[in-house]
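Chemist: what shape does this take:
(chains A and B, ligands or ions: 2)
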Amino acid sequence: MPYTAEAPTRRESNEELRARIPGWGADLDPADRPAVPRERFAPEVTGAHWDFPERQEERVPRERSIEHRFLTPVFGTSAPLHGVSGAIRRFAYEKFGEGRAAHWLLLIAGDRVDAVGSHLRSVLTLRPDNPVTETGVVSELRRGGIRSRVGRGRADVKHGWIDPLLIAGFWVFTGIVAVAVVRSIGKR
Amino acid sequence: MMPDTRVGTTFGHEFIGVVDQVGPSVQNLKAGDRVMVPFNVYCGSCYYCARGLYSNCHNVNPNATAVGGIYGYSHTCGGYDGGQAEYVRVPFADVGPSIIPDWMDDEDALLLTDALATGYFGAQLGDIVEGDTVVVFGAGPIGLYAAKSAWLMGAGRVIVVDQLDYRLEKARTFAHAETVNFNEHNDIVVHMKKTTDFLGADVAIDAVGAEADGNLTQHITSAKLKLQGGSPVALNWAIDSVRKGGTISVMGAYGPIFSAVKFGDAMNKGLTLRMNQCPVKRQWPRLFEHIQNGYLKPNDIVTHRIPLEHIAEGYHMFSAKLDDCIKPIIVAEAS
Ligand SMILES: NC(=O)c1ccc[n+]([C@@H]2O[C@H](COP(=O)([O-])OP(=O)(O)OC[C@H]3O[C@@H](n4cnc5c(N)ncnc54)[C@H](O)[C@@H]3O)[C@@H](O)[C@H]2O)c1
Ligand SMILES: [Zn+2]
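Modeler: Numbers count the residues shown, from 1 in each chain, chains lettered A, B, ... in the order given. Ligands and ions are numbered 1, 2, ... in the order given. Reported below is the predicted structural model:
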């Protein structure tokens, strides 16, 4: 087809589509689409019976974005800041707004410190992390790890080998350190 | 990728359950009620909630103004514990949750709390008009529901792109769509042009998000090394595949740090880019009607039901896409 004003010809008519697909065109009229228009002023439909929510008690000092005027009245309490990761995260929140890369990069660094710290703490407990059961890698056996990948032309198989390195890296590293420590004690 | 994901937080933002206890100000729910809980934590009374932007609530997330509150989704989304547990705290119980109607299947109710509502919302953000050609990148739960919903809005053609044949098969049967496996094409954008009279699709929906594959550099720098907020491969394909003046709806989630998006192409083509986290409850009344009319059967895409004790295996299976997994469901009490 040359480039003219013509729209491409429809492959199927409305009737054909209606016959083939249950509900075809049920929301053809934008008035039937719940997300249209994007903003619709209707505070009465939300179920809120307050103008401003009652403030949740702040039991431990709660970090917040400096782009907020105050601590929001309600917030999650799942994992309060603690230790070195907590200090890094608090610094990220107090010092940098959300528009700054430093804010997020520090938070990512905090995540890594948190993860390594938790691994280390677990090694020192009677019930250390179990990298076999807790990474779910046994599903490779139970859920057809090979059958699901081989001969299926999946692009992700090309870089799948990186995952074990990223996940097991901590354990390999700790293992090497542990062996080195044991050896050096043995030599004394 | 969401920064500030802390060890000790419970994940899970798609859940239903039974009310165990209510706080003193709760008026509409009582212990024993069976409820479905939208993934958004929201107050119902702020500037945004009053305008229907429940996913952008300003009163629930002290950690960031750039995203609302989400259950079990990092501190960047407010630090709330999620639903992959026996108990969960649900703030604003008179605003978010609804009692599950008697006629509704539990699994359908569960899927309404995120995946179905999001796919349906994604199709709406495409501003589809009668006869439009809609291409959906990603044949996961979100993409499948978006493709199916595109027909409800009157699409004339729906094309789903993925690399997993078993999911594309679902796109054909469940979502009545044409399918394209991107691994079979050297240049997926050129292929999309060929199949759309060299104009491009009218609407493209990104239902892939941050872990997109198909470009090794983009995937590794983002999904593996976390140097980008997300791999924008699918988003870039969407931008390049759509026609000039077309619309992109982004349902795929991206983290708050920068991603290498082909913004110049979007600008020069005069595209409309629309996106958001889904304001879930706003979609419910209409979706309930579509389910009752038999237009949608949400749990047709559920492939696995996994007891809470085996959740680690479930995670690995879903993330590595083993055993033809499309949508696994976690069952807190194995029945
Ligand atoms: N906006 C919202 O409110 C909202 C809600 C729920 C989920 N999401 C996001 O939607 C996205 C999809 O969710 P899902 O549950 O369907 O995930 P999923 O991982 O099951 O599906 C993603 C699919 O995309 C495919 N894919 C990978 N790279 C691709 C590419 N370049 N082109 C085409 N397909 C590609 C994968 O093979 C997979 O089938 C995620 O980013 C999720 O976080 C957003
Ligand atoms: Zn609000």
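Chemist: list the buried residues in the longest helix belonging to chain A.
Modeler: Assignment by DSSP state H gives helix A:162-187 as the longest helix of chain A. Neighbour-count burial for helix A:162-187, counted by 16 or more other Cβ atoms under 10 Å in any protein chain shown, picks out A:163, A:170. Placement of C-beta: from N, CA and C, glycine included.
Chemist: now stretch B:181-195: average pLDDT?
Modeler: For stretch B:181-195, mean pLDDT rounds to 97.
Chemist: now whatever residue of the stretch 151-300 of chain B ends up closest to chain A: phi and psi?
Modeler: Proximity of the stretch 151-300 of chain B to chain A (Cβ to the nearest Cβ) peaks at B:Y295, 2.9 Å away. With angles defined as degrees, to the nearest 10, B:Y295 sits at phi -80, psi -30.
Chemist: can you give me the helices for the stretch 51-200 of chain B?
Modeler: Taking DSSP state H, counting those that start in this stretch as the criterion, the stretch 51-200 of chain B carries its helices at B:106-112, B:115-125, B:141-152, B:165-173, B:188-194.
Chemist: out of those helices, which one sits most buried?
Modeler: Greatest average neighbour count among those goes to helix B:141-152 (a mean of 30), per mean count of other Cβ atoms under 10 Å in any protein chain shown.
Chemist: spell out which parts of chain B neighbour ligand 1.
Modeler: B:114, B:118, B:137-143, B:161-164, B:167, B:182, B:207-210, B:212-214, B:233-234, B:251-253, B:277-278 (Cβ under 6 Å from any ligand atom).
Chemist: where in chain B is pLDDT low?
Modeler: Scanning chain B for pLDDT under 70 picks out B:334-335.
Chemist: how is it partitioned into domains?
Modeler: Chain B breaks down by automatic domain parsing into domains covering B:15-114+B:298-302, B:125-275.
Chemist: quick one on the thing from earlier: does the longest helix of chain A reach chain B?
Modeler: Yes - residues of helix A:162-187 contacting chain B under Cβ under 8 Å from any Cβ of the partner chain: A:162-163, A:166.
Chemist: nearest to chain B among the residues you listed?
Modeler: A:I162 (5.3 Å).
Chemist: can you pull out the strands in chain B?
Modeler: B:15-18, B:34-37, B:40-41, B:69-70, B:98-99, B:133-137, B:157-162, B:178-181, B:201-206, B:242-250, B:272-275, B:302-307, B:327-331 (DSSP state E).
Chemist: can those strands go into CSV with extra columns for distance to B:L225 and mean neighbour count?
Modeler: As requested, the strands of chain B are arranged in CSV below (distance: least, Cβ to Cβ, whole Å; neighbours: other Cβ atoms under 10 Å in any protein chain shown):
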stretch, distance to B:L225, mean neighbour count
strand B:15-18, 32, 18
strand B:34-37, 35, 21
strand B:40-41, 30, 30
strand B:69-70, 25, 29
strand B:98-99, 41, 17
strand B:133-137, 23, 31
strand B:157-162, 24, 26
strand B:178-181, 27, 19
strand B:201-206, 22, 29
strand B:242-250, 23, 22
strand B:272-275, 25, 16
strand B:302-307, 30, 16
strand B:327-331, 27, 19
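Chemist: domain-wise, how is chain A divided?
Modeler: Split by automatic domain parsing, chain A gives A:1-53, A:62-127, A:130-182.
Chemist: can you redo the ones you listed as TSV with mean pLDDT and distance to B:S74?
Modeler: Converted to TSV, the domains of chain A look like this (pLDDT from 0 to 100; distance: least, Cβ to Cβ, whole Å):
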stretch	mean pLDDT	distance to B:S74
domain A:1-53	96	22
domain A:62-127	96	9
domain A:130-182	84	19
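Chemist: to B:R282, which of the ones you listed lies closest?
Modeler: The closest of these to B:R282 is domain A:1-53. By Cβ to Cβ, the value is 5.2 Å.
Chemist: now do that closest one: distance from first to last residue.
Modeler: Start-to-end span of domain A:1-53 (Cα to Cα, to the nearest Å) is 60 Å.
Chemist: how about that domain against ligand 1, any contact?
Modeler: No - judged by Cβ under 6 Å from any ligand atom, domain A:1-53 stays clear of ligand 1, getting no closer than 11.4 Å.
Chemist: check the offset of that domain from the chain's centre.
Modeler: 30 Å (Cα atoms, centre = their mean, to the nearest Å).
Chemist: do the same with stretch B:262-278
Modeler: Distance, centroid of stretch B:262-278 to centroid of chain: 18 Å (Cα atoms, centre = their mean).
Chemist: just the CA atoms of that stretch, as PDB, please.
Modeler: Output of stretch B:262-278 as PDB, limited to C-alpha atoms (Å, rounded to 0.1, in the frame of the first residue of the first chain):
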ATOM      1  CA  LYS B 262      14.700   6.300  24.100                       C
ATOM      2  CA  PHE B 263      13.100   9.600  24.900                       C
ATOM      3  CA  GLY B 264      14.100  11.300  21.700                       C
ATOM      4  CA  ASP B 265      12.100   8.900  19.600                       C
ATOM      5  CA  ALA B 266       9.100   9.400  21.800                       C
ATOM      6  CA  MET B 267       9.500  13.200  21.400                       C
ATOM      7  CA  ASN B 268      10.100  13.200  17.700                       C
ATOM      8  CA  LYS B 269       7.200  10.800  17.000                       C
ATOM      9  CA  GLY B 270       4.800  12.900  19.100                       C
ATOM     10  CA  LEU B 271       3.800  10.100  21.300                       C
ATOM     11  CA  THR B 272       1.600  10.200  24.400                       C
ATOM     12  CA  LEU B 273       3.100   8.300  27.300                       C
ATOM     13  CA  ARG B 274       0.700   7.300  30.000                       C
ATOM     14  CA  MET B 275       1.500   5.300  33.100                       C
ATOM     15  CA  ASN B 276       0.900   4.800  36.800                       C
ATOM     16  CA  GLN B 277       0.600   2.200  39.500                       C
ATOM     17  CA  CYS B 278      -2.900   1.000  39.300                       C
END
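Chemist: and the helices in chain A?
Modeler: A:14-20, A:83-95, A:101-123, A:131-134, A:139-142, A:162-187.
Chemist: contacts for the first one?
Modeler: Applying Cβ atoms under 8 Å, 6 or more residues apart in numbering or on different chains, the set of residues contacting helix A:14-20 from outside is A:12, A:24-25, B:130-131, B:151, B:154, B:156, B:176.
Chemist: try the second one
Modeler: With Cβ under 8 Å, 6+ apart as the test, helix A:83-95 has contacts from A:63-66, A:80-81, A:102-104, A:106-107, A:109-111, A:113-114, A:117, B:4, B:6, B:63, B:75.
Chemist: list only buried entries from those residues.
Modeler: For these, buried by 16+ other Cβ under 10 Å: A:63-65, A:81, A:103-104, A:106-107, A:110-111, A:113-114, A:117, B:4, B:6, B:63, B:75.
Chemist: please list all residues in contact with the nearest residue to B:V19 once chain neighbours are set aside.
Modeler: Excluding the flanking residues, the one nearest B:V19 by Cβ to Cβ, 6 or more residues apart in numbering or on different chains is B:D33, at 4.5 Å. By Cβ under 8 Å, 6+ apart, B:D33 lies in contact with B:18-19, B:99.
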